[in-house]
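Colleague: Quick one: sequence and predicted model below, then my questions.
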Amino acid sequence: MGNPMRIRAKSANGETTVRVLMSHRMEGGQRKDANGKPIPAHHINTVTAKHNGKVVLSADWGPAVSQNPYLAFSFKGGAKGETVEINWVDNKGDSRTDTATIS
Amino acid sequence: MNITRRDALRTTGALGTLVSLGLITTEQAMAAESRPAFASKTLSGALEAIGGQPATSDQIEVIAPDIAENGAVVPVATVSKLPNTSDVWFLVEKNPQPMAAHFAFPNGTTAEVKTRVKMGKTSDVIVVAKADGKLYMAKKETKVTLGGCGG
Amino acid sequence: MRKHLLTAMTALALSTLAYGQSDMEKGINKYREMLADGNPAELFEMNGEELWKTARGPKNATLEKCDLGKGPGVVKGAFVELPRFFADTGRVQDLESRLLTCMETLQGFNAAELAKVKYNKGEMANIRDIATYVAGQSKGMRFAVPQNHASEKTMYEVGKRLFFARGGTHDFACATCHGEDGKRIRLQGVPNLTKNPGDGIGFAAWPAYRVGNGQMWTMQKRLNDCYRQQRFPEPKYGSDATVALGVYMGVNAKGAESIAPAIKR
């Protein structure tokens, strides 16, 4: 189970804006350790965002997404008090799901 | 190193051979990129994997800084004004593997997204958008002052 | 002779170059603006807040009674008044050395042992996150580091002396890079810390998340790395020398707005 995300969801004018900060090393696989051995790639592969059980965004990521990834998007609808759920799965099979209340 | 038959069977082909020889772990083999667009080392290869050469469009806004102080974290965003935009892809032309990220927008989601990518050196940031099944693209150059791939 | 050559070379390397600077600066400012929303430091802040409220250590207690200078448990506003004198320890302490004190007296940890742990590892990672949380609770407030107690005044003078003291293999002092206006190292502007460098600059910008290495750095880590870069022996964590420098910079930054935890390249 990965580390907690920071999710902020705000609704205004019939639209909900979501901003997420994920905690993940996003190791690109290009680097070598002190002994010259390649450090294996370890990064988020998929991201799924849901509102009231409906998918509002899905993403496929590669090693070029920055460490501790940031994501911001918006969808029509959503009201104060409802929840947004963000899930990620990485290339080692680890995953994390967090929810936030729309403010 | 004790490689179980199960481990060796889980990874097939060249990677499987490497695992059975104890040269890489199962973990490393499984972590190897299997998605064609992400694995491609050339821009044209990545575009082919998405579905072909996109037409240039001025309806796609590529938001990226003119200059990035550190290539490890370059804020990029896009807004697609093309009607019925269903997907966008971010590519960094001069990265070892140009494909950085893909986003799919279901109905009701605005065709806009912000994220941050690594750039190994000064390069074009390219956004490909799929609208009504067709591919379009736009680009913007970002100068990088310090490589973001580990250097 | 060698000393003068070295000084001259240093001055050359640090001097501002005339061409293309304002475009470059505009571009970099734009880059920094774009990074402002969504600072990964928030992830460390979240963890720090959790740690503050979690019962830990041999005494199984939280840090919620820790006195950071404004009374037990008062976190908001504490960061911008540190370093300051504490009667219970008889010392002027900065945020991190004060956290060590609280972790010892309230939670039963051994402060001396904690101070030896490598930064970013074990308990040091926890202290880093707690410091980030505490700093964040003063975000937007203005620095008001006190100079009332005699020790506070002395520490300011000690800090000033240390700031200008040249030594090490390169004959550097803090002042070599931070002693004048308009200095930069490659593209990185280095602020003049002998006076108030302005809102969110210098002392007012740490702890900060460094995007280049994905690490959260506290002021103690920043000072340690400055010394390392000057080829000085690295100071002990929370030592009087580091606290004195904090007093010097903090007092000079009087009225400057704290943006900690910040985001930096």
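Modeller: Received it, and whenever you're ready, just let me know what you need. Residues are numbered from 1 along each chain as shown, chains lettered A, B, ... in the order given.
Colleague: Around chain C, pick out the residues from chain B.
Modeller: B:65-70, B:72-73, B:75, B:116, B:143, B:145-146 (CB under 8 Å from any CB of the partner chain). (Each C-beta comes from the backbone N, C-alpha and C, glycine too.)
Colleague: For chain A, just list every one of the strands.
Modeller: Ranges of strands in chain A, per DSSP state E, are A:6-12, A:15-21, A:44-51, A:54-61, A:70-76, A:83-90, A:95-101.
Colleague: Same list, the ones you listed, but as a markdown table with mean pLDDT, distance to chain C and mean neighbour count please.
Modeller: Below are these laid out as a markdown table (pLDDT from 0 to 100; distance: least, CB to the nearest CB, whole Å; neighbours: other CB atoms under 10 Å in any protein chain shown):
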| stretch | mean pLDDT | distance to chain C | mean neighbour count |
| --- | --- | --- | --- |
| strand A:6-12 | 97 | 5 | 18 |
| strand A:15-21 | 97 | 5 | 20 |
| strand A:44-51 | 98 | 14 | 20 |
| strand A:54-61 | 97 | 16 | 20 |
| strand A:70-76 | 97 | 4 | 21 |
| strand A:83-90 | 98 | 13 | 20 |
| strand A:95-101 | 97 | 11 | 15 |
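Colleague: would you list those in a markdown table and tack on distance to chain B?
Modeller: Listed next are the strands of chain A as a markdown table, based on distance: least, CB to the nearest CB, whole Å:
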| stretch | distance to chain B |
| --- | --- |
| strand A:6-12 | 13 |
| strand A:15-21 | 7 |
| strand A:44-51 | 8 |
| strand A:54-61 | 4 |
| strand A:70-76 | 4 |
| strand A:83-90 | 9 |
| strand A:95-101 | 15 |
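Colleague: Which among those strands is found nearest to C:C102?
Modeller: strand A:6-12 (25.8 Å; CB to CB).
Colleague: ok so, going back, among the residues of chain B next to chain C, which ones are buried?
Modeller: Taking 16 or more other CB atoms under 10 Å in any protein chain shown as the criterion, what is buried in the residues of chain B next to chain C is B:P65, B:I67, B:A68, B:E69, B:N70, B:A72, B:V73, B:P75, B:R116, B:K143, B:T145, B:L146.
Colleague: Was I right to think the fourth one contacts C:Y31?
Modeller: Spelled out, that is B:E69. Yes - assessed by CB atoms under 8 Å, B:E69 is found in contact with C:Y31 at 5.3 Å.
Colleague: All the strands of chain B, in order from the start?
Modeller: With DSSP E, the ranges of strands along chain B come out as B:55-56, B:60-63, B:67-68, B:74-80, B:85-92, B:99-104, B:112-117, B:123-131, B:134-144.
Colleague: The third one pairs with which strands?
Modeller: Applying DSSP bridges, strand B:67-68 is found paired with strand B:134-144 (parallel).
Colleague: State the mean pLDDT of the strand it pairs with.
Modeller: For strand B:134-144, mean pLDDT rounds to 97.
Colleague: what do you get for stretch B:91-100?
Modeller: For stretch B:91-100, mean pLDDT rounds to 97.
Colleague: thinking in terms of the whole chain, how far from its middle is it?
Modeller: 6 Å (CA atoms, centre = their mean, to the nearest Å).
Colleague: Tell me which residues are up against that stretch.
Modeller: Residues outside stretch B:91-100 that contact it (CB atoms under 8 Å, 6 or more residues apart in numbering or on different chains): A:30, A:61-65, B:33, B:37-43, B:46-47, B:49, B:89-90, B:117-128, B:139, B:149.
Colleague: at 7 Å what do you get?
Modeller: The list of residues contacting stretch B:91-100 from outside it, by CB atoms under 7 Å, 6 or more residues apart in numbering or on different chains, reads A:30, A:62, A:64-65, B:37-41, B:43, B:46, B:89-90, B:117, B:119-121, B:123-126, B:128, B:149.
Colleague: hey, C-alpha coordinates of that stretch in PDB?
Modeller: Below are the C-alpha coordinates for stretch B:91-100, written out as PDB (Å, rounded to 0.1, in the frame of the first residue of the first chain):
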ATOM      1  CA  LEU B  91       5.400  13.600 -25.300                       C
ATOM      2  CA  VAL B  92       8.900  15.000 -24.700                       C
ATOM      3  CA  GLU B  93      10.600  14.700 -28.100                       C
ATOM      4  CA  LYS B  94      14.200  14.400 -26.900                       C
ATOM      5  CA  ASN B  95      13.600  12.100 -23.900                       C
ATOM      6  CA  PRO B  96      15.000   8.600 -24.100                       C
ATOM      7  CA  GLN B  97      11.400   7.400 -24.400                       C
ATOM      8  CA  PRO B  98       9.300  10.300 -25.700                       C
ATOM      9  CA  MET B  99       5.900   9.200 -24.400                       C
ATOM     10  CA  ALA B 100       5.300  10.600 -20.900                       C
END
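Colleague: buried sites along it?
Modeller: Buried residues in stretch B:91-100, counted by 16+ other CB under 10 Å: B:L91, B:V92, B:E93, B:N95, B:Q97, B:P98, B:M99, B:A100.
Colleague: same deal with stretch A:23-40?
Modeller: Here stretch A:23-40 shows A:S23, A:H24, A:M26, A:E27, A:G28, A:G29, A:Q30, A:P40 as buried, counting by 16+ other CB under 10 Å.
Colleague: would you turn these into TSV with pLDDT?
Modeller: Formatted as TSV, these follow (pLDDT from 0 to 100):
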residue	pLDDT
A:S23	97
A:H24	97
A:M26	96
A:E27	94
A:G28	90
A:G29	87
A:Q30	82
A:P40	92
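Colleague: what residue ranges in chain B score low on pLDDT?
Modeller: Counting by pLDDT under 70, chain B has low-confidence residues at B:1-32, B:147-151.
Colleague: Pull the contacting residues for the closest residue to B:T115 other than its chain neighbours.
Modeller: In this structure, B:T115 finds its nearest non-sequential neighbour in A:L71, 5.3 Å apart by CB to CB, 6 or more residues apart in numbering or on different chains. Listed by CB under 7 Å, 6+ apart, the contact set of A:L71 reads A:V20, A:V47, B:T115.
Colleague: Same check on B:I126?
Modeller: So B:I126 contacts B:L91, B:E93, B:M137, B:K139 (CB under 7 Å, 6+ apart).
Colleague: In terms of pLDDT, where does the residue nearest to C:K116 when sequence neighbours are not counted sit?
Modeller: Taking CB to CB, 6+ apart, and ignoring the residues beside it in sequence, C:K116 has C:Y237 as its nearest neighbour in space, at 7.6 Å. With respect to pLDDT, C:Y237 has a value of 96.
Colleague: burial count for C:Y237?
Modeller: A count of nearby residues for C:Y237, using other CB atoms under 10 Å in any protein chain shown, gives 23.
Colleague: What's the separation between it and chain B?
Modeller: 27 Å (CB to the nearest CB, to the nearest Å).
Colleague: C:F143 too?
Modeller: According to CB to the nearest CB, C:F143 and chain B sit 26 Å apart.
Colleague: doesn't C:G255 make contact with that residue?
Modeller: Yes - here C:F143 reaches C:G255: they are 6.5 Å apart, a contact under CB atoms under 7 Å.
Colleague: Verify the stated contact: A:T48 with A:W61.
Modeller: No - with contact defined as CB under 7 Å, A:T48 does not count as touching A:W61 (11.6 Å).
Colleague: quick one, domains of chain B?
Modeller: B:5-32, B:37-144 (automatic domain parsing).
Colleague: Contacts only, for C:F86.
Modeller: C:Q93, C:R98.
Colleague: Apply 10 Å and report the result again.
Modeller: C:D67, C:L68, C:G69, C:V92, C:Q93, C:S97, C:R98, C:T101, C:H149, C:S151 (CB atoms under 10 Å, 6 or more residues apart in numbering or on different chains).
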